[in-house]
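In: Structure here, sequence nowhere to be found:
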């Protein structure tokens, strides 16, 4: 049975024994490339997009990752963590700032976090995804949460969480495999017993094998309107079961 321990901490500073856990240290060094030999991530995908490591970070950290879509035809700008292996339970937390996405409306969406399986089930590769989009008027932003749920319409469960108007947001997700599976989401919330969103469904066909963070699957309208606008990421942390404070 797998231990209920930290899987990986991927802030963007000096690499420690279990990942990147020294973001505030005076001797911290930032990699120029998040997926280079000195970087914390397994790989990256940059096609019609851009990734940069910039200073300072989002929470008194040394640096952060900036991602943008640079093409109106296609685009991806994300990093990948291969640490999970057929995980039946998975938590992740990260900081994100989407303030640069102005006028974001309901037909402009882009994926921020994707929790994936190496063995697609019912044609679905993602156990869970977190996207950002806007309301119809383009005056407010929401996180869209979608999970594989066998037996539901399109075999998916979904809902949204409203984002505060501005600023850095801390997002934490929990995914649990099972015939009575569950997905929980906390937004700027450190109370484990009170998630902002809970989805229930049959998640038994999936497991977690890799995770991506950044920008992916932008809608056509997102690519047209939000080209070259930067979304900022920091303080990624993943666990098997332990709540991330």
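Out: In hand now; what should we look at? These numbers come from a predicted model, not from an experiment.

In: And the average pLDDT for stretch 46-57 is what?
Out: Model confidence over stretch 46-57, given as mean pLDDT, is 96.

In: List the buried residues of it.
Out: Residues of stretch 46-57 classed as buried under the neighbour-count rule (16 or more other CB atoms under 10 Å) are 46, 48-51, 53, 57. In this view, the C-beta of every residue, glycine as well, is placed from N, C-alpha and C.

In: With distance to residue 217 and secondary structure as extra columns, can I get the residues you listed in JSON lines?
Out: Compiled in JSON lines, the buried residues of stretch 46-57 are given as follows (distance: CB to CB, whole Å; DSSP: H, G, I helix; E, B strand; the rest coil):
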{"residue": "46", "distance to residue 217": "14", "secondary structure": "strand"}
{"residue": "48", "distance to residue 217": "12", "secondary structure": "coil"}
{"residue": "49", "distance to residue 217": "11", "secondary structure": "strand"}
{"residue": "50", "distance to residue 217": "16", "secondary structure": "strand"}
{"residue": "51", "distance to residue 217": "16", "secondary structure": "strand"}
{"residue": "53", "distance to residue 217": "23", "secondary structure": "strand"}
{"residue": "57", "distance to residue 217": "26", "secondary structure": "coil"}
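
In: of all those residues, which two lie farthest apart?
Out: By the measure CB to CB, these have their two most distant members at 48 and 57, which lie 25.9 Å apart.

In: which stretches of the chain have low pLDDT?
Out: 1-28 (pLDDT under 70).

In: give me that answer again for 50
Out: For the chain, the stretches with pLDDT under 50 are 1-3, 13-27.

In: Where do the helices of it begin and end?
Out: 220-225 (DSSP state H).
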